[in-house]
Each structure stands twice: as C-alpha cells, then as structure tokens.
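> predicted coordinates and the sequence they were generated for:
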Amino acid sequence: MKLVWLCGSVGIVAGALGSSLEDEETVRNATYGRRERERQERNRRRREHRESADGDRATRSPSGDGHR
C-alpha cells in the first residue's frame with residue numbers, strides 16, 4: 001500500500017512540474033482533442049472581438065466627434 005501511495009504521489013508531482021515547464025499552448029494540445037481546441041480558439045477570438053468593440057465604444061463621445 002505504501003508503494004502505491006508513493007508512486008501516485010511521485011506521479012502527481014512529476015506531472016505538475018512537467019506542465020509548469022511547458023507553455024500553455026503545448027499543454028492544451030496534449031490535454032484536449034482537436035474539436036475542443038477549435039472551440040477554445042473560437043471563444044478566444046469572440047472574447048477579443050467583444051473587448052475590442054467595447055474599447056472602441058468607450059473612446060467615442062456621445063456626440064460622435066471623438067472628444068470626451
């Protein structure tokens with residue numbers, strides 16, 4: 001039983017260390033399937049588009065002349 005506990009613990013620590021040494025994209029590629037990666041990429045692009053649109057609206061004045 002102690003050997004099983006030790007092996008499990010070592011495996012967890014090794015996995016945590018290994019994943020911290022890799023960049024986020026590499027970990028995602030190893031973890032998720034193609035469809036999940038495509039979904040995440042699509043969501044990231046949508047979020048960036050919304051944030052960009054929100055930033056554009058915040059810089060415009062109500063009069064539309066570009067001054068606040």
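Noted; the coordinates are in hand. Numbers count the residues shown, from 1 in each chain.

> rest of the way, CA atoms for contacts and neighbours
Fine.

> ok, now how distant is Leu6 from Glu22?
To Glu22, Leu6 is 25 Å away according to CA to CA, to the nearest Å.

> over to Glu38?
Per CA to CA, Glu38 is found 20 Å from Glu22.

> same thing with Gly15?
Separation of Gly15 from Glu22 (CA to CA) stands at 11 Å.

> longest helix in this structure, please.
If you go by DSSP state H, the chain has its longest helix at helix 34-59.

> report all helices and strands that that one contacts.
Using 3 or more CA pairs under 8 Å, 6 or more residues apart in numbering; DSSP states H and E as the contact test, no helix or strand touches helix 34-59.

> pLDDT averaged over that helix - what is it?
Throughout helix 34-59, pLDDT has a mean value of 88.

> stretch 13-30 now?
78.

> can you measure across that stretch, start residue to end residue?
Its first and final residues considered, stretch 13-30 spans 18 Å by CA to CA.

> one more: stretch 25-40?
End-to-end distance of stretch 25-40 (CA to CA): 11 Å.

> any buried residues in that stretch, and which?
Buried positions in stretch 25-40, judged by neighbour count with 16 or more other CA atoms under 10 Å: none.

> check the offset of it from the chain's centre.
On the basis of CA atoms, centre = their mean, to the nearest Å, stretch 25-40 sits 10 Å off its chain's mean C-alpha point.
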